[in-house]
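Trainee: What would the 3D arrangement of this be:
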Amino acid sequence: MHDLVGQQLGNYRVVRLVGRGGFADVYLGEHIHLNSLAALKVLHAVLTAEQQESFVQEAQRLVQLRHPHIVRLLDFAVQAGTPFLVMDFAPGGTLRELHPTGSRLPLDLVVSYVQQVASALHYAHSQRLIHRDIKPENMLLGSQNNLLLSDFGLAVSATLSSSYSTLLMDQQVAGTSLYLAPEQLQGHPLPASDQYSLAVVVYEWLCGKSPFHGSLLEIAIQHLSLPPPPLRDWVPDLSSSIEEVVLQALAKEPWQRFADVQEFARALERAYLEDLQQFSALHYPTSPDTTQLRSLEKEEVPSAQQQQPVRQITPGNIRMPEPIWKVPTIFTPLIGRDQEAAAVGTLLKSPEIRLVTLLGTGGIGKTRLSLQIAVQTRKYFIDGVCFVPLASISDAGLILPAIAQELGIQDASALPVFEQVKAFLQKKHILLVLDNFEQVAIAAPMVEELLAACPQLTILVTSRVVLHVQAEHEFPVSPLALPDLTQPIERDALAQVTSVALFLQRARSILPTFQLTSTNARAIAEICVRLDGLPLAIELAAARIKILPPQALLLRLPHLFEVLTGGTRTQPPRQQTLRNTLKWSYDLLSASEQRLFRRLAVFVAVWTLEAVEAVCYYDVEKEQVSALDEVASLLDKSLLLLLESEGREAWLQMLMTVREYGLERLRASGEAEQTRQAHALYYLALAEEAERQQFGGEQALWLERLEQEDKNLRAALHWLSEQHQTELSLRLSGSLYWFWTVRGHINEGHLWLEKALAESEGTTAPVYSRDDP
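Mentor: This is a model prediction of the structure:
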């Protein structure tokens, strides 16, 4: 199936691929008029007229399904012979993504999941519809973190197969054979088949292993003929009553299983509550009477209008507290960070990693990424997730009160706040997200102390600075991917580049009719490159699209900070303009770090530590400051980038947007002329030394060094020419002539020499000669 991203299906523009399956590809679609999001399931089939009629009949059945735990079918159509379904988009992803293969889930969470799936299946069975594809990949998390069962469309897919064996083979390729009931493998699916498949999923959740292993054929044979291994072989502390329930649902004969899937869910719940009651009696002998379990009597299936979401179970009078969910609502899909979100989620789920810091310069999207990670890891942290905003706090002593407030801890105790927070978190498996930690980084040891006191606590920090504590695991957040301006611009390919995709998303939120066209594609690509792929800068630029088309916007980017203003009212003031964002970082620096930062802006592209020492400390005694320490500090504060190098020198770099702010500060400081002069003199000395080495054994190294420093050398030539420093300009041009000749830049070399010679006419300045000592 070819990629449909950027195309239109019905009233939906295809935004991105969400997943691929044996029968269909699933895309995220955006309604071209309403801007609403939906999942587009595009089937792998081109239909005959007869099949189209069958598809429509089956889809008409599916669209009638209305249940709080079933993904709604909103629309369906056949376009150019290709059938597709339009369904509610579930932003939380699948349970397979949330709980990867091999995961063991807490029993209460398993019971909750089973209740929700069973409720959906019981309703579907009452509508004479069998799911036939129960697996974690088809269990989604909705916007309220409710479980949604998807892919009832398998019934539609079945109508498109020439035989059931073809359907089965497709399922096997997709991995579904792990969950198929014996009768389904024989081509006779029943409602009890869904119960069996759900029981296989439960088996996996409880022990982290599938009941059967081997090739697809071997697994199918085992489903048909072998009993599953006892669960307690894998999980010895699992109660026998839980094991009995699961194994009964896995019986080979449908009549040996529970009467229906709802009975299976009730039996599992009953066994769990009985275990919990015994645990309570053992550990809380004076607790209230827990023998009155809530009614588990079988009920008639209510109508679609009467259906309610399944509630979490509670054993009698013992109230199991709801997990904390104190996280701001996300209103737009996150673009270009899927890999980062998954990688950080994996780190947070690792027992040995309990403190992860998302590091990056201001406006790079750390907060938004942390919110996505919070959503994706929500179910893993049994006691919840709590987001603590720290942007408005500058006093490190106020961090703990802020955490206590977000956790809902009532200050009715005489204990210190740290003790209150520790007591609250000590036995909780919870994720704390501490956002914008940079201005209170001095409190980092307190974070580590809290981790030591609360063994199940995990903390995710967003910061522009490294915390420098032992528990910290740094995760640098990079800018979004940039288009390659050296290649021809292809519109469809350009729309897939993450920085461009973000620009388009933001532009369409301002101007719904905005489109990427062959006319504006080049300008949009150049805007994203000019803004370094920095999400805040791209969003601020796209917000101007209502009055400035891309070509006009690009022309105004030399006046960067005047253009990139006007963020949304809900953003903090420091993020409503790019200048404010960078000022926030600048104000956190010491006076000497501020001096170094603004002087570093004189460099272009990349430079070395040696260059920093020569250019940026022209008026500072060497004994007074360590360039190495200050550069390391700016790296830790996400204002510099360190590029990987296999040579002798490490290369440093600033994002162009950060450099623009540094130049603004340099001009305001009155140090610009002295710093530019120091820069030019350093590169003159470098060029002259390279010329002396041109016939030595390190010629290749010097040629590579000059190539790397090419933009700085040009900047030095420009400065000397602007300042009419003719002698120095001639010396620099003359020293570089061999480099220009060898590396194929001879035309540029002639221009610089001719310019310098022309400026020297009529002057008394001595002309540089290579024969001079």
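Trainee: Now for the nearest residue to residue 444 once chain neighbours are set aside, how many residues are close by?
Mentor: Distances taken as Cβ to Cβ, 6 or more residues apart in numbering place residue 467 nearest to residue 444, at 4.0 Å, with adjacent residues excluded. (Glycine included, C-beta is placed from N, CA and C.) When neighbours are counted by other Cβ atoms under 10 Å, residue 467 registers 25.
Trainee: ditto for the one 5 residues further on
Mentor: Residues within reach of residue 472, counting by other Cβ under 10 Å, total 21.
Trainee: State the distance from it to residue 16.
Mentor: Distance, residue 472 to residue 16, by Cβ to Cβ, to the nearest Å: 33 Å.
Trainee: Low-confidence regions, the stretch 501-650 of the chain specifically.
Mentor: Low-confidence segments of the stretch 501-650 of the chain (pLDDT under 70): 565-576, 622-624, 645-648.
Trainee: Then the stretch 151-300 of the chain?
Mentor: Applying pLDDT under 70 to the stretch 151-300 of the chain flags residues 153-176, 277-300.
Trainee: 50 instead, please
Mentor: Where the stretch 151-300 of the chain drops to pLDDT under 50, the residues are 153-175, 283-300.
Trainee: just so I have it, where are all the strands in it?
Mentor: Per DSSP state E, counting those that start in this stretch, the stretch 151-300 of the chain carries no strands over any range.
Trainee: residue boundaries of the helices in it?
Mentor: Applying DSSP state H, counting those that start in this stretch to the stretch 151-300 of the chain gives helices spanning 154-159, 164-173, 182-185, 191-207, 216-225, 231-234, 240-249, 261-283.
Trainee: Give me whichever of those helices is most buried.
Mentor: Mean neighbour count (mean count of other Cβ atoms under 10 Å) peaks for helix 191-207 among these, with a mean of 24.
Trainee: Does anything pack onto it? Which helices or strands?
Mentor: helix 107-126, helix 182-185, helix 231-234, helix 240-249, helix 261-283 (3 or more Cβ pairs under 8 Å, 6 or more residues apart in numbering; DSSP states H and E).
Trainee: about what we covered before: check which helix or strand covers the residue nearest to residue 444.
Mentor: Using DSSP states H and E, residue 467 sits within no helix or strand.
Trainee: From residue 431, how far off is it?
Mentor: Residue 467 is 17 Å from residue 431, where distance means Cβ to Cβ.
Trainee: hmm, back to that, can you redo the helices of the stretch 151-300 of the chain as a markdown table with distance to residue 753?
Mentor: Shown next, in a markdown table, are these (distance: least, Cβ to Cβ, whole Å):
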| stretch | distance to residue 753 |
| --- | --- |
| helix 154-159 | 72 |
| helix 164-173 | 67 |
| helix 182-185 | 82 |
| helix 191-207 | 74 |
| helix 216-225 | 73 |
| helix 231-234 | 79 |
| helix 240-249 | 84 |
| helix 261-283 | 85 |
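Trainee: Need the helices and strands packed on helix 191-207 in a markdown table (columns: distance to residue 81).
Mentor: Listed next are these as a markdown table, based on distance: least, Cβ to Cβ, whole Å:
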| stretch | distance to residue 81 |
| --- | --- |
| helix 107-126 | 29 |
| helix 182-185 | 29 |
| helix 231-234 | 47 |
| helix 240-249 | 41 |
| helix 261-283 | 36 |
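Trainee: Out of those, which gets nearest to residue 644?
Mentor: Closest to residue 644 of the helices and strands packed on helix 191-207, according to Cβ to Cβ: helix 107-126, at 42.2 Å.
Trainee: what helices or strands is that closest one leaning on?
Mentor: With contacts defined as 3+ Cβ pairs under 8 Å, 6+ apart, helix 107-126 has these neighbours: strand 147-149, helix 191-207, helix 261-283.
Trainee: Of all the residues in it, which ones are buried?
Mentor: For helix 107-126, a neighbour-count test (16 or more other Cβ atoms under 10 Å) marks 107, 109-126 as buried.
Trainee: So the nearest residue to residue 529 once chain neighbours are set aside versus residue 605, what's the distance?
Mentor: Spatially, and ignoring its direct neighbours in sequence, residue 529 is nearest to residue 482 (5.2 Å; Cβ to Cβ, 6+ apart). As judged by Cβ to Cβ, residue 482 and residue 605 stand 15 Å apart.
Trainee: ok, now residue 130?
Mentor: From residue 130 to residue 605 the distance is 63 Å (Cβ to Cβ).
Trainee: The two: which has the busier surroundings?
Mentor: Counted by other Cβ under 10 Å, residue 130 and residue 605 do not tie: residue 130 has more neighbours, with 20 against 16.
Trainee: Let me see the ranges of the strands in the stretch 551-700 of the chain.
Mentor: Listed in chain order, the strands of the stretch 551-700 of the chain (DSSP E, counting those that start in this stretch) span 606-608, 641-643, 651-653.
Trainee: Looking at those, spot the one closest to residue 369.
Mentor: Residue 369 lies closest to strand 641-643 among those, at 18.3 Å (Cβ to Cβ).
Trainee: Touching the closest one from outside, list them.
Mentor: Here strand 641-643 makes contact (Cβ atoms under 8 Å, 6 or more residues apart in numbering) with 606, 635, 650-655.
Trainee: Quick one, which of those residues are buried?
Mentor: Buried members of the contacts of strand 641-643, scored by 16+ other Cβ under 10 Å, are 606, 635, 651-655.
Trainee: what's the nearest residue to residue 748 if we skip its chain neighbours?
Mentor: In this structure, residue 748 finds its nearest non-sequential neighbour in residue 740, 6.2 Å apart by Cβ to Cβ, 6+ apart.
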